[in-house]
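In: Here's my sequence, what's the structure:
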Amino acid sequence: MTYTVPKPKWSEGWKNYIFGGWQLSTLMNFHARQPFDETRFYLNLVGNPFAGVNHAFSASGGATLWVNPTAFCDPNAIDPNTKLTDPGCVGSTYGNVSRNKYYGPGYGSVDFSIFKNIPIKERVTIQLRTEFFNLYDRINLASGVGAVSVGGVYAINFNTCQEDFTTHRCAATTSPAYSGFGYVTDTFGDFNGAPGIRPGEAFNTQPAINLIF
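Out: Coordinates of the predicted model:
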C-alpha cells in the first residue's frame, strides 16, 4: 500500500523540493503455519508433543524447542543389550505418526518505506528512499518441510532421534543440545536461502537512490 502525502498549498517554487513529492509505503505479510515433515516420522507417538513446550526463543541457545522429544519413540532404535519393553515404542518401520500431523511456526512481517521524489526535468526524477524491513523485529522462525528436526532411524532426513534406553523415548542429547530432536534452529530468511536483509530476518534498514526516467 502506497500513500502520496498531499503537497501543502503554500508549497511553490523551491519549497516544493522540500515539502512536495513525499510518499509512504507499507507491506504486511502474514503466513499461516505449515507442516514440517516431508515424510512420515517413522516414530511412535507415546505422549503429548507439546507438553512443557512454550515455543519461546532461546537467545543463548539460538534455537526454539517446538515439540517435546520425549513424546516420541523410534521403534527401530533398540539397545542391542536391552530388550525394548515399552509397548508404545514397539511398532512397524513407519511408526504411528501420520504425515503432516503437526505444524511449525507461523510468519509475520511489516515493512515500511519512505520515498522522496525530486523532479529534475520533465521526464527525469531522482527518488530518495529508505526501507525498513521487519519493522517490529519479529523473530520469524523457519517453517515448512525440514524446519523442525524430527525423524527416526529410517527417516529420509536422517536419524535425529537419540534414543534414551532407560525411558525408551527420544531425547535432544546431541551436541550442542539445541541441534537435536524437536528444535527449530534457523530463521525464515536463512532457511529459504535469503539470510540477512530482506523478508523474515531481523529488523534492518536499506537506503537507496533511484534515477527514474
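
In: all strands for the chain, in order.
Out: 2-4, 22-31, 44-45, 64-65, 72-73, 107-121, 124-133, 162-164, 169-171, 183-184, 204-212 (DSSP state E).

In: And for the fourth one, what's in contact with it?
Out: It refers to strand 64-65. Outside of strand 64-65, the residues within contact range by CB atoms under 8 Å, 6 or more residues apart in numbering are Val53, His55, Ala56, Phe57, Ser58, Pro105, Leu141, Ala172, Tyr178, Gly182, Tyr183, Val184. Every residue, glycine included, has its C-beta placed from N, CA and C.

In: The last one reaches Ala147, doesn't it?
Out: Yes: assessed by CB atoms under 8 Å, Val184 is found in contact with Ala147 at 5.8 Å.

In: Could you name every residue contacting both of those two?
Out: By CB under 8 Å, 6+ apart, the residues touching both Val184 and Ala147 are Gly104, Pro105, Leu141.

In: thinking again about what came up before, can you pick out the most distant pair from the contacts of strand 64-65?
Out: Distance extremes for those: the farthest pair is Pro105 and Ala172 at 17.5 Å, using CB to CB.

In: Any regions of the chain where pLDDT drops low?
Out: 38-40, 60-61, 77-84, 91-92, 153-159, 172-179, 194-200 (pLDDT under 70).

In: What residue spans form the domains of it?
Out: Domain assignment for the chain by automatic domain parsing gives 1-31+107-137+194-213, 32-106+141-181.

In: Could you check how far Gly182 is from His31?
Out: For Gly182, the distance to His31 equals 22 Å [CB to CB, to the nearest Å].

In: Helices of this protein, start to end?
Out: Along the chain, counting by DSSP state H, helices occupy 15-19, 188-191.

In: Which positions within the longest one qualify as buried?
Out: If I follow you right, that is helix 15-19. Judged by neighbour count using 16 or more other CB atoms under 10 Å, helix 15-19 contains no buried positions.

In: what packs against it?
Out: Under the contact criterion of 3 or more CB pairs under 8 Å, 6 or more residues apart in numbering; DSSP states H and E, helix 15-19 touches no helix or strand at all.

In: ok, and what's touching it?
Out: By CB under 8 Å, 6+ apart, helix 15-19 touches Lys7, Pro8, Ser11, Ile118.

In: Going by distance to Leu45, which of the residues you listed wins?
Out: Ile118 (62.2 Å).

In: And the nearest residue to the closest one once chain neighbours are set aside, how far from Gln206?
Out: Sequence neighbours aside, Ile126 is the residue nearest to Ile118 in space, at 4.6 Å (criterion: CB to CB, 6 or more residues apart in numbering). Distance check for Ile126 against Gln206: by CB to CB, it reads 17 Å.
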